[in-house]
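# no sequence for this one, just the structure:
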């Protein structure tokens with residue numbers, strides 16, 4: 001395995017930052033109703049209308065995946081673990097929510113989900129916060 005260059009790590013950082021801001025934005029719309037978002041009640045009702053199983057639980061899991069995933073992307077901490085629920089949420093959005101809307105509506109969540117998986121495989125790069133986890 002080769003050592004990464006400053007340019008490669010800077011590229012990963014830029015991707016992490018813009019993706020993280022996007023996920024924080026969308027997660028805060030769902031969780032808090034920020035930026036004219038629906039809040040949890042509106043998001044839960046939306047998932048209920050789409051006949052998503054357990055809409056309240058699903059709403060909380062999706063909103064938290066986006067918000068906490070955004071924090072993980074920005075900081076780099078726990079990035080590889082957090083990209084799993086983020087990617088899952090985006091693939092559900094693409095294939096369950098936007099499936100009948102055509103490629104144009106599916107494209108954005110697919111790009112986000114695939115980018116999340118790509119970052120999970122690459123890792124956060126050297127410009128990431130790496131918190132120490134207590135060993136027992």
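Arrived safely. Note that the coordinates shown come from a computational prediction; the quantities given were computed from them, not determined experimentally.

# what's the neighbour count on residue 98?
18 (other C-beta atoms under 10 Å). Every C-beta, even on glycine, is put in place using the N, C-alpha and C of the backbone.

# check residue 44 too.
Using other C-beta under 10 Å, residue 44 has 21 other residues around it.

# please name the nearest non-neighbouring residue to it.
Nearest non-adjacent residue to residue 44, counting by C-beta to C-beta, 6 or more residues apart in numbering: residue 59, 4.2 Å away.

# what distance do you get for that neighbour to residue 13?
Separation of residue 59 from residue 13 (C-beta to C-beta, to the nearest Å): 31 Å.

# with residue 108 instead?
Counting by C-beta to C-beta, the gap from residue 108 to residue 13 is 22 Å.

# okay, the two: which has more neighbours?
Taking other C-beta under 10 Å, residue 108 and residue 13 do not tie; residue 13 has more neighbours (17 against 14).

# shouldn't residue 65 be in contact with residue 92?
No: Residue 65 is not in contact with residue 92 according to C-beta atoms under 8 Å; the separation is 9.9 Å.

# between these two, which one's more packed in?
residue 65 (25 against 19).

# hmm, who's touching the helix or strand hosting that one?
Using DSSP states H and E, residue 65 maps to helix 55-75. Identification of contacts with helix 55-75 by C-beta atoms under 8 Å, 6 or more residues apart in numbering yields 16-17, 19-28, 30-31, 40, 43-45, 47-48, 52, 77-79, 81-83, 85-86, 88-89, 92-93, 116, 119, 128-129.

# over to stretch 94-103?
Taking C-beta under 8 Å, 6+ apart as the rule, stretch 94-103 contacts 50, 52, 105, 106, 109, 110, 113.

# please enumerate the strands of this structure.
Under the criterion DSSP state E, the chain contains no strands.

# quick revisit: flag every buried residue along the helix holding residue 65.
55, 58-60, 62-63, 65-70, 72-75 (16 or more other C-beta atoms under 10 Å).
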